[in-house]
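Student: predicted model and sequence follow; I will ask about them next.
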Amino acid sequence: MARLVVPSWEWMNDVHLMRWVVRLDEGDPLFRQYDRLVKAVEKVSWAKDSGRHQAVRCGLRVLLTRGYRDLAEITDADLKRMPSADRGADVLDAALCSLGVFDRTPQRGSSRKNRGTRKSARELVAISSIPEWSREVTVLYLETYATRVSDVYVTHRHKVIALAHFWNFLAERYPEVGSSAKVLPAQARAYIPFAMERARGVQRGRKPDDGGVRITAHTWLVEVRSFFSDICTWATEPDSPFSNLAPRTVPLTRHDLVNIGFEKARKQRTARTTATILDLEREMPNLRSHASRLWRQSQSALRNAPSDRSAKAAESVAFWDWALLELLVQSGLRIEEASELTALDILKRRMPDGSLYYMLHVKPSKYDRARVIPIGDGLGRVLAETIQHVKRFYGSTEVPFCDHWDHNERRPRPAGPYLLQGAKHPSPIGIQTIRGRLRAISIASGVKRSDGTPLIVLPHDCRRLFASEHLNNHTPVHVIQALLGHATIDTVMVYAKLYPRNLVEEYRKAVRGLYNSFHGPDSLRNPTSEEWAAFEQSCSMRDMATHLCVLPVGEHCPRGLVCFGCNHAQPMKSATPTFRRMLASHEQALAAAKTAGEPAGQLAARELEVARIRGALQRAEELSGDVAAAIESAGSLPPLSDDAISAREPQHTR
């Protein structure tokens, strides 16, 4: 009788469902499905006991509330309708996949619920606030653009947003237009200040009333300009559907967007990017060290308690924080490119001499261009550790195939052995999860910007750091362009032109601050005439503690300051005990090196050091007295007159 009425999901929250089901007869259909589900859930190795219990409970609730008699009747829509507060949905999803109910690999709750459909051009226009008279031309333009130029879903959404602002402006300001063919240049130019003002109100992350010009407005204007340029070009073709929709002339041109404030906005954005790069250069070593230290500590805790589930979970979290950060920093990949990496993208190549090297194949992303980058030691370690961790999670000998979903394009990616999977769930790591992990590790590490505010590292910041580090290491600009997959070399030149100059300036500020804090503000004053005269007299030779160097100041030292074997070195009589101790120490080290069987080159270097010290000791012992005072008095200059000192004083600062 209890199953003659379909209960609601909320009503079953207060029902002891498991106690009721286990009392059913073993031949009862519901009990058979219960027993089948329990066995499938027990095979989910990564789930906790509480998660398995909740999964069985959720599966029974779905069967009863939907009136199903078999687990095979459960659909993806049933799991999507489950409240987010109900735990066990992910474990239930994995169990149903293992039973063959779903013809796919397991999905996370957020990924399962957020898989929206890819809307057509007409559907995108329908859900926007575009006036009725401009909808047909917008739909026709998007469909033609997808066929001729690109069908990237994100691009279409951005175009709809930009055109919606423009069409609504015309409907409000110029209601007499009524058609895209009637748009005049004066009306399009009047939209420019409106777009700037509108962009200030919708800008994310910044105050709407700060008065600055936004690059967002420039993006909208470029989309409008491209729209009219495209339809005017396509309208010239025979039997074109745009012949009656295109205006006589392009109402908005590139020259209309010059000298209206966007140049200043670009400079401000470039300055912010440069400041971010400087902060990253300073703080990224601390962040990477923090992530690596946490992973090592979690590994040590796991070795001490290998059966502790909390230690395993902590090690997994620390590993993925380290792996995601290192992968982005050492490869320079975009976040979409990193999420699409598979084990098949690691290519093995052989040199003519038989040695092996590895390359990483990067799938097309922003400009639909694939590329191949070399795998160095650091990147190779990250990839190897990731593959080992994924294999350990699944308990398999290879990286398993799994389904993947492109949330930006709203379409499934091909199934493959994706590298970024198995983070506490047998599914790929999402883009938002990567961003969230980088944000969490940035806050936990305590890295700061130059103004003292927290430095939140974004995935693209790792790409900027990759470019700046290669420029600092004198990598050719065209090589960096190929490694990063930039369309033009101008993007790389942003770092080449701006970064070194600001780096040098920031370095000077830092050194100046350290110098002042150590020596005090009095160190920056001009020297007095007496101080300058004493400094000039001491410039004729340098006291090296054991000897005096009489090489003139400013002259190049061909020996690289190896003083004992130099003719300019004048040993002091008082340094004889020091020479003897040095000689005994080096002779003892030479004897130990011969006993240890060091290479002949190292032995020769040690013997040369002993010979130089022995020569210095011999010259010092031959002196009748300490000649330091005599050499200094002989090499000193006569004192300058007051007039000469005053003439020189303004030219010298310390």
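Tutor: Nice, I can see it. Numbering: from 1, shown residues only.
Student: where do the helices sit along the stretch 351-500 of the chain?
Tutor: 377-394, 431-445, 459-472, 477-484, 490-519 (DSSP state H, counting those that start in this stretch).
Student: can I see the domain layout of this protein?
Tutor: Domain segmentation of the chain under automatic domain parsing yields 11-103, 121-260, 284-450, 541-635.
Student: excluding chain neighbours, what is closest to the residue positioned nearest the centre of the chain?
Tutor: Taking CA atoms, centre = their mean as the criterion, Cys462 is the residue nearest the geometric centre of the chain, at 2.3 Å. Take Cys462 and drop its neighbours on the chain: the residue closest to it by CB to CB, 6 or more residues apart in numbering is Leu328, 3.6 Å away. Yep, even glycine has a C-beta here, placed from its N, CA and C like the rest.
Student: give me the neighbour count for the one you found.
Tutor: 26 (other CB atoms under 10 Å).
Student: please apply the same query to Gln268.
Tutor: 14.
Student: quick one: it from Ile215, how far?
Tutor: 9 Å (CB to CB, to the nearest Å).
Student: what mean pLDDT does the longest helix belonging to the chain get?
Tutor: Using DSSP state H, we find that the single longest helix of the chain is helix 262-304. The average pLDDT within helix 262-304 is 87.
Student: go on, stretch 112-121?
Tutor: The average pLDDT within stretch 112-121 is 82.
Student: now do the end-to-end distance for that stretch.
Tutor: Terminal residues of stretch 112-121 lie 24 Å apart, using CA to CA, to the nearest Å.
Student: any buried residues in that stretch, and which?
Tutor: For stretch 112-121, the neighbour count (16 or more other CB atoms under 10 Å) marks 112, 119, 121 as buried.
Student: so which of those residues belong to helices?
Tutor: Those of the buried residues of stretch 112-121 mapping onto helices are 112, 121, per DSSP H.
Student: of the buried residues of stretch 112-121, which is the nearest to Glu337?
Tutor: Minimum distance to Glu337 across these is 24.3 Å, recorded for Arg112 (CB to CB).
Student: would you agree that closest one is in contact with Thr75?
Tutor: No. Contact criterion CB atoms under 8 Å: Arg112 and Thr75 do not qualify, at 11.8 Å.
Student: which strand or helix spans Trp167?
Tutor: Following DSSP states H and E, one finds Trp167 within helix 153-173.
Student: quick one: mean pLDDT for the following helix or strand past that helix?
Tutor: Once the chain leaves helix 153-173, the next helix or strand it forms, by DSSP H and E, is helix 185-202. In this model, helix 185-202 has a mean pLDDT of 87.
Student: now do stretch 350-368
Tutor: 82.
Student: just give me the neighbour total for Ser110.
Tutor: Other residues within reach of Ser110 by the criterion other CB under 10 Å amount to 14.
Student: OK, contacts around the nearest residue to it once chain neighbours are set aside?
Tutor: Spatial nearest neighbour of Ser110, excluding adjacent residues (CB to CB, 6+ apart): Gly430 at 7.2 Å. Applying CB atoms under 8 Å, 6 or more residues apart in numbering to Gly430 gives the contacts 108, 110-111, 339, 407.
Student: let me know the closest of those to Val390.
Tutor: Using CB to CB, Ser339 comes nearest to Val390 of the contacts of Gly430, at 14.1 Å.
Student: which residues touch that closest one?
Tutor: Contacts of Ser339 (CB under 8 Å, 6+ apart): 404, 418, 420, 428-431, 434.
Student: can I get the residues you listed in TSV including distance to Val362 and pLDDT?
Tutor: Conversion of these to TSV gives the following (distance: CB to CB, whole Å; pLDDT from 0 to 100):
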residue	distance to Val362	pLDDT
His404	16	91
Tyr418	14	94
Leu420	14	94
Pro428	17	93
Ile429	17	92
Gly430	19	88
Ile431	16	90
Ile434	16	93
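Student: max pairwise distance over those residues: which two?
Tutor: So, these by CB to CB: farthest apart are His404 and Ile434, at 13.6 Å.
Student: ok, Leu92 touching Arg57?
Tutor: No. Here Leu92 does not reach Arg57: they are 9.1 Å apart, not a contact under CB under 8 Å.
Student: who's more crowded, those two?
Tutor: Leu92 (32 against 20).
Student: for that one, what are its contacts?
Tutor: Neighbouring residues of Leu92 by CB under 8 Å, 6+ apart: 41, 55-56, 58-59, 79.
Student: can you list these in TSV and add secondary structure?
Tutor: Output for these, formatted as TSV (DSSP: H, G, I helix; E, B strand; the rest coil):
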residue	secondary structure
Val41	helix
Ala55	helix
Val56	helix
Cys58	helix
Gly59	helix
Leu79	helix
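Student: tell me the pLDDT at Leu483?
Tutor: So Leu483 comes in at 85 (pLDDT).
Student: specify the beta-bridge partners of the nearest residue to it once chain neighbours are set aside.
Tutor: Distances taken as CB to CB, 6+ apart put Ile373 closest to Leu483, at 5.4 Å, once the chain neighbours are dropped. Note on Ile373: beta-bridge partners by DSSP bridges are Leu360.
Student: burial check on Ile373, number of neighbours?
Tutor: Neighbour tally, Ile373, other CB under 10 Å: 17.
Student: can the domains of the chain go into TSV with extra columns for distance to Ala467?
Tutor: Converted to TSV, the domains of the chain look like this (distance: least, CB to CB, whole Å):
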stretch	distance to Ala467
domain 11-103	38
domain 121-260	20
domain 284-450	7
domain 541-635	35
